[in-house]
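>>> For reference, the sequence and a predicted model appear below.
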Amino acid sequence: MKTLFKRAVLCPLCDKKAKKNTYAHYGEPYKGNMIVLKTNYSNFISAETGQIVHVKNDDGTRRIRSQTIWDGETYYHNYGNFCSTGCAIQYANIIVDRSGSNNSNKVKRGEY
């Protein structure tokens, strides 16, 4: 479950920053009010020379395949307030261990 934030919050366990909530834009160059983070151009490898050839528009500019855009303020963690399920599970186990309510049933190392 993707959780959105208005700032780059940190994962409570590992302190990893939340990622930018980006969108993919295809076709014509993006002209809106969002920030273009990355532009991917159309290329192909020539069968004759084996080199990369840039696909051009009729006016001579390079053809854009896709652009990554961001609104400039939205970030996300994929798992609620956590960056991964591993962090969420580890954090939950720490909380349960600290509560002491489940410790009587645990087997310690070497006591099989």
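Received it, and whenever you're ready, just let me know what you need. Owing to the predicted nature of the structure, the values given are computational and were not obtained by experimental measurement.
>>> Now do the contacts for the closest residue to S42 other than its chain neighbours.
Among residues not flanking S42 along the chain, V55 sits closest, at 3.9 Å (Cβ to Cβ, 6 or more residues apart in numbering). Every C-beta, even on glycine, is put in place using the N, C-alpha and C of the backbone. Applying Cβ atoms under 8 Å, 6 or more residues apart in numbering, we find V55 in contact with Y41, S42, N43, F44, R62, R63.
>>> wait, isn't P29 in contact with R63?
No: under the criterion of Cβ atoms under 8 Å, P29 is not in contact with R63, lying 10.0 Å apart.
>>> what stretches of the protein score poorly on pLDDT?
Counting by pLDDT under 70, the chain contains low-confidence residues at 101-112.
>>> At the geometric centre of the chain, which residue do we find?
Per Cα atoms, centre = their mean, the C-alpha nearest to the average position across the chain is that of K19, at 5.0 Å.
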